[in-house]
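**Q** Generate coordinates for the sequence data below:
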Amino acid sequence: MIICDPNKKSMCFHTYHRLIHANYIMSLIDQKVKVYGELSKIDPFEFWDTDVIDKSLSKSLKQIKKRNWLFIVYPESAPEDWKKQLEASGVQFAVSPLHDKDVLVDGEYKKPHWHMIITFEGPTTFLTASSFRAITNGPYPKVCENLKNSYEYFTHKNQPEKAQYSPDEIEEYNGFTVEVSRKDVRRIKQELLEMIVEYDITEFLEFNLFVKYCLEHEYIEVVTSDSYYFTQLINSYRHNPERAAKKLKWLKQNAGKLEVKKKENNKNDS
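**A** So this is what the prediction gives:
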């Protein structure tokens, strides 16, 4: 075993090797910081696979401040009560189902793991986000570039070639929510309006059960945030369901003509 003498100015081989390795790792991290956007397009969970982070962080890492951070947690290294510890901290977070069926390129199974998103009240530094590793005992976090995509990755919703996991097994703590964009809210409201007519939904309780057990998380969020709107729609539909169904059918059949007419009117107005 090589023992270093701290009183000597010269550096032993072992210490020199560790410093070289640390510098190499930091250069790799800097490279990954620069290509965050590209990485997020490939896989929102592209983690740094090292525990070597220099105390004097590089300038690139110091400048990173984001509200949402991605973590990976391994059952073999995390304490049994790691979720309770995080919950007690008050931070908002969501945990994926246990990924125990993920396969590597060579066909071998990956180590079982959880994916996790932590959402802070405001932009938070890499150092602050990394401090939660004291609870998870896992790899360093990565910036969450797209909250919706990262949340959907919990179940591999958009990766049918990967092992699929149930959204019912996602756990959310301390008020964690995935905000839906205004554009998506408009789209979802339109879809739900048509579903009310097509599935002949005449009670709000029935509607809630349908959304909860048949649709995805973002639909539940939209209904919960505007229950009055959907209650009024259902009440209106219940008074004359036949007329509403007939009108919906006509609108769908003539959607193309109506769109052309709308464009012509807009052109004339301008």
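
**Q** When you work out contacts or count neighbours from here on, use the C-alpha atoms and nothing else.
**A** Fine.

**Q** elements contacting the strand or helix carrying residue 114?
**A** Of the helices and strands defined by DSSP states H and E, residue 114 is found in strand 114-125. Judged by 3 or more CA pairs under 8 Å, 6 or more residues apart in numbering; DSSP states H and E, strand 114-125 is in contact with strand 65-73, strand 92-95.

**Q** which parts of it are buried?
**A** 114, 115, 116, 117, 118, 119, 120, 124, 125 (16 or more other CA atoms under 10 Å).

**Q** What is the burial count for residue 86?
**A** 18 (other CA atoms under 10 Å).

**Q** make that residue 101, sorry
**A** Residue 101 has 16 nearby residues by other CA under 10 Å.

**Q** what about the closest residue to it other than its chain neighbours, which SS state?
**A** Excluding its sequence neighbours, the residue lying closest to residue 101 (CA to CA, 6 or more residues apart in numbering) is residue 163, at 6.0 Å. Under the three-state scheme (DSSP: H, G, I helix; E, B strand; the rest coil), residue 163 adopts coil.

**Q** Residue 163 contacts residue 98, correct?
**A** No - under the criterion of CA atoms under 8 Å, residue 163 is not in contact with residue 98, lying 11.4 Å apart.

**Q** Name the residue in those two with the higher neighbour count.
**A** residue 98 (20 against 14).

**Q** which regions of the chain sit below the pLDDT cut-off?
**A** For the chain, residues meeting the criterion pLDDT under 70 lie at 1-62, 258-270.

**Q** export the buried residues of strand 114-125 to a markdown table and tack on distance to residue 212?
**A** Below are those laid out as a markdown table (distance: CA to CA, whole Å):
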| residue | distance to residue 212 |
| --- | --- |
| 114 | 24 |
| 115 | 23 |
| 116 | 23 |
| 117 | 22 |
| 118 | 24 |
| 119 | 24 |
| 120 | 27 |
| 124 | 33 |
| 125 | 36 |
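
**Q** which one of these is nearest residue 183?
**A** residue 119 (22.4 Å; CA to CA).

**Q** for that closest one, what are its contacts?
**A** With contact set as CA atoms under 8 Å, 6 or more residues apart in numbering, residue 119 has these partners: 67, 68, 69, 91, 92, 93, 176.

**Q** Could you do residue 120 as well?
**A** 67, 68, 91, 92.

**Q** To what extent is the first one buried, counted in neighbours?
**A** If I follow you right, that is residue 67. Residue 67 - counted by other CA under 10 Å - has 16 other residues nearby.

**Q** In the chain, what residue spans correspond to helices?
**A** Assigned by DSSP state H, the helices in the chain fall at 13-34, 36-42, 59-63, 82-89, 126-130, 133-136, 147-153, 182-198, 204-214, 217-225, 227-239, 241-253, 255-269.

**Q** still on that earlier bit, of the helices and strands packed on strand 114-125, which approaches residue 184 most closely?
**A** strand 65-73 (20.3 Å).

**Q** Relative to residue 162, how far out is the nearest residue to residue 112 once chain neighbours are set aside?
**A** For residue 112, ignoring the flanking residues on the chain, the nearest one in space by CA to CA, 6+ apart is residue 100 at 4.4 Å. Applying CA to CA, to the nearest Å, the value for residue 100 to residue 162 is 12 Å.

**Q** Please apply the same query to residue 122.
**A** From residue 122 to residue 162 the distance is 33 Å (CA to CA).

**Q** about what we covered before: can I get the helices and strands packed on strand 114-125 in TSV including distance to residue 105?
**A** Below are those laid out as TSV (distance: least, CA to CA, whole Å):
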stretch	distance to residue 105
strand 65-73	19
strand 92-95	25
